[in-house]
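J.: structure for this input, please:
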Amino acid sequence: MKPIALSTLLALSPALSADTDYAKRFPPKWLEHNGQIRPETLCYNYPEKSHMYPLCRLQAIEYLQQRCQRYSNILDNTDDPATRRHYNRLSNKYCTASEQYHKMLLDEGVIEE
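T.: The predicted structure follows:
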C-alpha cells in the first residue's frame, strides 16, 4: 500500500466520513491494557486483507485526534476536581493513543508527514 501524506488524509477526511450511516457500520475497535488503548490493536475487528481495514486505520487517526482534542478542551474548561480527574484520564488515554498510533503508521510507511 502506497503511503498517504497526512495532508492528503486530512483533505480526504470529509469524503471518508461523508456518509455517516456507512461509517457507523464499520467503527474501529481496539483492545486496552490498564485503561490505555493498545495502538497495534486498532481495527482488529477487520481482517487485514479486507477493503475496510486500511480505511478503518486511516479513519482511526482522525477519531483518536478528535477524542483527544474534545477531552482536552473539556479538561481545560472545568474547575470541578471530579470532572477534571475524569477528563484527565480520557484526555491522556486518547492523546497518548493518537500519538502512538500516528508514530506506528509513520514507521510502517502507511502515512507520511
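
J.: would you map the strands across this structure?
T.: For the chain, the strands defined by DSSP state E occupy 4-5, 32-33, 36-37, 111-112.

J.: got those as a markdown table, with distance to S50 columns?
T.: C-betas here are computed from N, CA, C, even on glycine. Formatted as a markdown table, these follow (distance: least, C-beta to C-beta, whole Å):
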| stretch | distance to S50 |
| --- | --- |
| strand 4-5 | 18 |
| strand 32-33 | 23 |
| strand 36-37 | 21 |
| strand 111-112 | 19 |
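
J.: weakest of those strands by average pLDDT?
T.: Lowest mean pLDDT of the strands of the chain: strand 4-5, a mean of 56.

J.: T96 against N34, yeah?
T.: No: with contact defined as C-beta atoms under 8 Å, T96 does not reach N34; the gap is 11.6 Å.

J.: settle it for me: which of the two has more neighbours?
T.: T96 (15 against 5; other C-beta atoms under 10 Å).

J.: now that one. Nearest residue, chain neighbours left out?
T.: Q36 (6.4 Å; C-beta to C-beta, 6 or more residues apart in numbering).

J.: neighbours around that neighbour, how many?
T.: Neighbour count of Q36, defined by other C-beta under 10 Å: 14.

J.: kindly report the same for H33.
T.: 8.

J.: one step back: P81 is nearest to which of the strands of the chain?
T.: strand 36-37 (22.5 Å; C-beta to C-beta).

J.: contacts for that closest one?
T.: Contacts of strand 36-37 with the rest of the structure, by C-beta atoms under 8 Å, 6 or more residues apart in numbering, involve W30, L31, L64, K93, Y94, T96, A97, Y101.
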